[in-house]
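Visitor: Need coordinates for the below:
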Amino acid sequence: MTHSPTRILVVDDNEDAATMTCYLLDVLGYCTRAAFSAAEALDCADSFAPDVVFLDLSMPDMSGLTAAPLLRARCPQALHIVALSALGDASIREQTKRAGFNGHLLKPAKLEDLVTAVEHRDASAGASKLLRVLSGHGA
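Guide: Have a look, this model is predicted:
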């Protein structure tokens, strides 16, 4: 069985930050795409079908808090959404948690923190798949 690389969508209106994040993750073997607005992310989600989304919270066209549930609705697979934002006080973290984000990283995020967030998703997905197989509900 061939294992395809984890697909990661990086959404940030700061094009340089999104592009650099994608570049670093690409070098590590992930399959990445950058979107520079929430609207572009929603369009990209349909064709790219990301496994993980790193989502900025403060974008001109739509906040990440508004975009997250829309992205989930467009992606039939279990989507792992991580806030990647300069905003990180307790109030914002509570808002991202209530909005269904799976994690919250502060900009500029360290590469190892990005990878840990992706690996956490992969470990969760693997455990879910194993539980389905063991319970007789398919692979």
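
Visitor: Quick check: which ranges of the chain have low pLDDT?
Guide: 1-3, 122-139 (pLDDT under 70).

Visitor: Let's see that with 80 instead.
Guide: 1-3, 76-77, 121-139 (pLDDT under 80).

Visitor: quick one: the helices in it?
Guide: With DSSP state H, the ranges of helices along the chain come out as 15-27, 38-48, 64-74, 90-98, 111-134.

Visitor: Pull the contacting residues for G88.
Guide: Going by Cβ atoms under 8 Å, 6 or more residues apart in numbering, G88 touches H104, L106. Every C-beta, even on glycine, is put in place using the N, C-alpha and C of the backbone.

Visitor: measure it to L57 for me?
Guide: For G88, the distance to L57 (Cβ to Cβ, to the nearest Å) stands at 9 Å.

Visitor: list the buried ones in stretch 94-114?
Guide: Neighbour-count burial for stretch 94-114, counted by 16 or more other Cβ atoms under 10 Å, picks out Q95, T96, A99, F101, N102, G103, H104, L105, K107, A109, L114.

Visitor: Any idea how far apart the tips of that stretch sit?
Guide: For stretch 94-114, the first-to-last residue distance is 20 Å (Cα to Cα, to the nearest Å).

Visitor: Please give the number of neighbouring residues around P5.
Guide: Here the count is done by other Cβ atoms under 10 Å, and P5 has 13 residues near it.

Visitor: Now for the closest residue to F54 other than its chain neighbours: which residues touch it?
Guide: Closest residue to F54 apart from its sequence neighbours, by Cβ to Cβ, 6 or more residues apart in numbering: L84 at 4.2 Å. Contacts for L84 (Cβ under 8 Å, 6+ apart) come out as V10, D12, T21, F54, L55, D56, L105, K107, A109.

Visitor: if we go to 6 Å?
Guide: Shown in contact with L84 (Cβ atoms under 6 Å, 6 or more residues apart in numbering): F54, D56, L105.
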